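# Could you look at this predicted model? Sequence included:
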Amino acid sequence: MGDHLRTTPTVSTAPALLGASGAAAWTLKHQASPAVRRWRPSLLPHQRTGSLHCRVANVVPGDSAVTILLHGLVASGDIFGAHFDRLGSDGPLIVPDLLGFGRSIDTGRNTFGAVDHLDALDEMLHQLGLADRRIRLGAHSMGSALAMRWLERHPEQIASVTCFGPPIYRDATDMNATIADSGLMSRLFVANTYWAKAACRLNCSHRHLAGLAAAALTPDLPIPIARAASLHTWPAYRDALDDVVSTTQWTDLARIAQDHNIPMTTLWGADDTIGDRDFASTIGHLKTITIPGAGHHLPLTHPQLCVEQIATSP
């Protein structure tokens, strides 16, 4: 009778135990993640302004600078959580989902180049009655390249640019080499390749499931942030790499910033693999700060530091 009471797992119970142990490991990693522990959703109201969905605060008459936060690739403005809301205390604050991403996804559009993004941002400001204000920019990853392109268009309006994990590379060749060196999965699904296109199309066909899969594969991210990775189309992804990130001439744009006395600050996590920091160190007028023990998602893991850096800019 004692043999019938043994609790040794059988073949049929092994998958369930493996699943339970996997779920437990995911939960432990999720709960221990600095990004998960520190991020909270913004409390600002949402609205549609032109082609962009955005969060907006403190849009009142006056001459104070408007703070605008630009997110990165396959993301949304939600990466700038509740900590960033206080940037609207001394002037207007706008946090858009960039054209083709997040709640600004556009499945009927086929072009999402730098000019398209900048036109959408300009229209957003025009509709909000802020087109003549000074602009204080905070940007993460790809949004940093877009911020610099916006500076090129309106150097007389940009008050400062603060970048977190910017994709600064000497040229497209260096960017592609970095992707290739980062491993097989990056070459297949991060680079602009046949496989990336196929993955994007699969994502678009099963967007809800893709969001759930992204959350399952990235336990170190808040679930809403991870799920937002599915909210884009192939043209938006393709043009973000081909016509925003890889063609941004950082040295030339930094020179424009210097000529107009516009402060430029970049913050990288010490463990961040995005960007060429050796090359960045050769760019004049560019202040660089390295955060020990941090990775690529500084707005999630170090929100207070990011807020203070933007708030203390002119």
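Received it, and whenever you're ready, just let me know what you need. Values in this document were obtained by computation on a predicted structure and should not be read as measured data. Numbering: from 1, shown residues only.

# quick one: whichever helix or strand Thr251 is part of to chain centroid distance?
Following DSSP states H and E, one finds Thr251 within helix 250-259. What separates the centre of helix 250-259 from the centre of its chain is 23 Å, taken as Cα atoms, centre = their mean, to the nearest Å.

# cool, and stretch 139-151?
10 Å.

# just stretch 208-221 next, same as before
On Cα atoms, centre = their mean, the centre of stretch 208-221 falls 16 Å from the chain's centre.

# Please name every helix or strand in contact with the helix or strand containing Arg55.
Using DSSP H and E, Arg55 sits within strand 52-57. Applying 3 or more Cβ pairs under 8 Å, 6 or more residues apart in numbering; DSSP states H and E, one finds that strand 52-57 contacts strand 46-49, strand 93-97, helix 114-127. Every C-beta, even on glycine, is put in place using the N, C-alpha and C of the backbone.

# Tell me the helix or strand right after that strand.
strand 66-70.

# by contact count, what packs against that next one?
strand 93-97, strand 135-140, helix 142-153.

# how close does Asp78 get to Arg55?
Asp78 sits 9 Å away from Arg55, taking Cβ to Cβ, to the nearest Å as the criterion.

# so which of the helices and strands packed on strand 66-70 gets nearest Asp171?
Asp171 lies closest to helix 142-153 among those, at 13.0 Å (Cβ to Cβ).

# what pLDDT, on average, does the closest one get?
Averaging pLDDT along helix 142-153 yields 97.

# now the one helix or strand Ala159 maps to, how far from the centre of its chain.
Assessed by DSSP H and E, Ala159 sits inside strand 158-164. Mean-position distance between strand 158-164 and its chain equals 15 Å (Cα atoms, centre = their mean).

# what's the answer for stretch 255-264, then?
So, by Cα atoms, centre = their mean, the centroid of stretch 255-264 is 24 Å from its chain's centroid.

# which secondary structure element contains Gln304?
Using DSSP H and E, Gln304 falls in helix 303-311.

# need the contact list for the residue most central in space within the chain.
For the chain, the residue nearest the mean C-alpha position is Gly72 (2.5 Å; Cα atoms, centre = their mean). Shown in contact with Gly72 (Cβ atoms under 8 Å, 6 or more residues apart in numbering): 79, 140-144, 165.

# Likewise for Val161?
Counting by Cβ under 8 Å, 6+ apart, Val161 touches 137, 139, 144, 147-148, 151, 257, 262-265.

# now the strand or helix carrying Val36, how far from the chain's geometric center?
Following DSSP H and E, one finds Val36 within helix 34-38. Put simply, helix 34-38 sits 16 Å off its chain's centre (Cα atoms, centre = their mean).

# That helix packs against which elements?
Checked by 3+ Cβ pairs under 8 Å, 6+ apart, helix 34-38 has helix 298-301 packed alongside it.

# picking that back up, turn the helices and strands packed on strand 52-57 into CSV, including mean neighbour count and mean pLDDT.
Output for the helices and strands packed on strand 52-57, formatted as CSV (neighbours: other Cβ atoms under 10 Å; pLDDT from 0 to 100):
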stretch, mean neighbour count, mean pLDDT
strand 46-49, 14, 96
strand 93-97, 26, 98
helix 114-127, 19, 98
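
# give the contact list for the residue nearest to Glu123 when sequence neighbours are not counted.
Spatial nearest neighbour of Glu123, excluding adjacent residues (Cβ to Cβ, 6 or more residues apart in numbering): Gly50 at 4.1 Å. By Cβ under 8 Å, 6+ apart, Gly50 lies in contact with 120, 123-124, 126-127.

# Sounds good, over and out.
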